[in-house]
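J.: Pasting the sequence and the predicted coordinates here, then a few questions.
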Amino acid sequence: MNTSKKTIGIVGARGHTGAELIRLIAAHPALELVFVSSRELDGQRVAEHIDGYTGELRYASFDPAGVAAQGADVVILALPNGKAAAYVEVLDAAKPDTLILDLSADYRFDERWYYGLPELTRDKWRGEKRISNPGCYATAVQLSIAPLKDLLAAPPVSFGVSGYSGAGTTPSDKNDPEKLRDNLMPYSLTGHMHEKEASRHLGLPVEFMPHVAPHFRGLTVTTNLYLVRPIKREDVLARFHHAYDGEKLVKVLDDAPWVSRIAHKHHAEVGGFAVSVDGKRVVVVATLDNLLKGAATQAIQNINRAIGVDEFTAIPL
Ligand SMILES: NC(=O)C1=CN([C@@H]2O[C@H](COP(=O)(O)OP(=O)(O)OC[C@H]3O[C@@H](n4cnc5c(N)ncnc54)[C@H](OP(=O)(O)O)[C@@H]3O)[C@@H](O)[C@H]2O)C=CC1
Ligand SMILES: CC(=O)N[C@@H](CCC(=O)OP(=O)(O)O)C(=O)O
């Protein structure tokens, strides 16, 4: 283990995932938060915005060159999709040994970047200093399907419902509490980014139908899997236990997990495992907190491995 602290900065630190990252990094023994960039909060004290944060750090507004000039060992990009490249290009040129972790979808299909869903891709990390963090739904979908991958007779179909923090802070119907009141809002019912992402990284087609609900954080994904041969429920459970019992951040439950129980938790839960009478159809339910295992916690897992400390350092278990 490397005992000297690595310096780290967050670009997009005002957002929902940025706020979670500030909390996790503030309690991290091997990371020192040296800058947090936000245009809107430029100059304001972080302690005024983040419960529990007691440091003196202030938000600053850095363009890509300003970020590179900070010289941090690690840079997290927590920006909306499509904004990362300008920062990556400047860091590539000015300080290529920077560890960059991108939370957006911008590099999830780029072979030069490591796709960090540790429970499924840990063995594929080859020391890359460019890490693409998976999407929140895509994490739940892949964890639900991977243990049954070799038995599939048809593309799995996943029905997802997320809290509205998943839609970020830029105002839209999907994060408008008034429009969400007593509502369930379907969107991107074919071709969602996470449908493509899960399909790509599982290596098989997945069909995904997202919805957004009135709660703030936490998502549930219910996946229907048709199988090539009948399977007993106990064998389904055995496959999931075999896959995840050694994992600190994935819990296998007998019952279907409830999203109301996962908010503020760092792990994902997978359960239900309903099997049809003919044994050839299985339904799996997964929940996770989109801001934690779906974003910030998974980012810390990936950064921990890349800086050579235990993967679960500073992650409350
Ligand atoms: N929310 C979630 O559940 C998850 C989100 N993600 C991904 O993580 C990323 C961040 O998400 P989230 O925290 O929800 O997003 P938010 O909308 O909450 O925050 C976005 C941040 O980016 C900054 N920002 C916005 N536009 C620009 C710009 N053009 N240039 C520089 N900074 C900008 C904003 O700060 P300011 O305007 O003050 O500069 C803000 O800090 C996204 O790519 C998202 O897809 C991934 C998994 C889950
Ligand atoms: C409710 C809502 O809008 N959810 C977001 C969740 C995805 C997210 O944040 O992930 P990315 O990193 O892939 O953008 C969405 O469907 O786009």
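T.: Cool, got the structure. Ligands and ions are numbered 1, 2, ... in the order given.
J.: Isn't residue 288 up against residue 269?
T.: Yes. The criterion here is CB atoms under 8 Å, and residue 288 meets it with residue 269 at 7.3 Å. C-betas here are computed from N, CA, C, even on glycine.
J.: Between the two, point out the one with more neighbours.
T.: residue 288 (32 against 25; other CB atoms under 10 Å).
J.: what is the more buried one paired to in the beta sheet?
T.: Per DSSP bridges, the residues bridged to residue 288 are residue 219.
J.: quick one: it from residue 305, how far?
T.: 19 Å (CB to CB, to the nearest Å).
J.: if I pick residue 235, what's in contact with it?
T.: Residues in contact with residue 235 (CB atoms under 8 Å, 6 or more residues apart in numbering): none are found.
J.: Helix, strand or coil: sort out it for me.
T.: Secondary structure, DSSP: H, G, I helix; E, B strand; the rest coil: residue 235 is helix.
J.: And for the one 3 residues further on?
T.: On the three-state scheme (three-state DSSP), residue 238 is labelled helix.
J.: How many residues are close by it?
T.: The number of residues packed near residue 238 is 13, by other CB under 10 Å.
J.: quick one, what contacts it?
T.: No contacts exist for residue 238 under CB under 8 Å, 6+ apart.
J.: What pLDDT is listed against it?
T.: pLDDT recorded at residue 238 is 98.
J.: Then residue 52?
T.: Residue 52 carries a pLDDT value of 89.
J.: ok, now residue 1?
T.: For residue 1, pLDDT reads 47.
J.: ok, back up a step: what's the overlap in contacts for residue 288 and residue 269?
T.: By CB under 8 Å, 6+ apart, residue 288 and residue 269 have these common neighbours: residue 262.
J.: before we move on, could you check phi and psi at residue 140?
T.: Here is the backbone geometry of residue 140 (degrees, to the nearest 10): phi -60, psi -40.
J.: likewise the one 4 residues further on?
T.: Main-chain dihedrals, residue 144, degrees, to the nearest 10: phi -80, psi -30.
J.: Show the contacting residues for it.
T.: So residue 144 contacts 156, 158, 221, 223, 270, 284, 285, 286 (CB under 8 Å, 6+ apart).
J.: residues near the fourth one, how many?
T.: Using other CB under 10 Å as the criterion, residue 223 is surrounded by 26 other residues.
J.: Just grab the bridge partners of it for me.
T.: Bridge pairing for residue 223 - DSSP bridges - gives residue 158, residue 284.
J.: Now do it against residue 156, distance only.
T.: Counting by CB to CB, the gap from residue 223 to residue 156 is 5 Å.
J.: Find residues that contact each of those two.
T.: Joint contacts of residue 223 and residue 156 (CB under 8 Å, 6+ apart) are 141, 144, 145.
J.: As CSV, these with distance to ligand 2 would be great.
T.: Below are the shared contacts of residue 223 and residue 156 laid out as CSV (distance: CB to the nearest ligand atom, whole Å):
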residue, distance to ligand 2
141, 12
144, 17
145, 18
